[in-house]
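Undergrad: Coordinates only, no sequence provided:
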């Protein structure tokens, strides 16, 4: 089983590119930045970036995949939470 968090060289190898290319791709936004405050990359974030750059379409049938909808919902929830809205997002989604 692959670890979820990877150092730069491991992340580059996981993506099938050299560490120098990986760093360039991070710099231009093709690959995500490391987890804030670390030098560790998240495997799931790398997978999403690889899907995007390789033109793998989750929406091939024009219907968004459940996973993509979940990511979009989480992204918007996290954006609202980081704005300091004061809303309890767990309660808003009907979670205790």
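TA: Yes, it's here. Please read all numbers here as calculations on a predicted model, not as lab measurements.
Undergrad: tell me the contacts of residue 73?
TA: By CB atoms under 8 Å, 6 or more residues apart in numbering, the contact set of residue 73 is empty. All C-beta atoms are positioned from the backbone trio N, CA, C, and that covers glycine.
Undergrad: now residue 23
TA: Per CB under 8 Å, 6+ apart, neighbours of residue 23: residue 8.
Undergrad: And for residue 10?
TA: residue 3.
Undergrad: Now the strand or helix carrying it: average pLDDT?
TA: Residue 10 belongs to helix 8-15 when assigned by DSSP states H and E. Averaged over helix 8-15, pLDDT sits at 96.
Undergrad: same deal with stretch 45-59?
TA: 80.
Undergrad: The closest residue to residue 12 other than its chain neighbours: how many residues sit nearby?
TA: Using CB to CB, 6 or more residues apart in numbering and skipping the chain neighbours, the partner closest in space to residue 12 is residue 22 (3.6 Å). When counting by other CB atoms under 10 Å, one arrives at 23 neighbours for residue 22.
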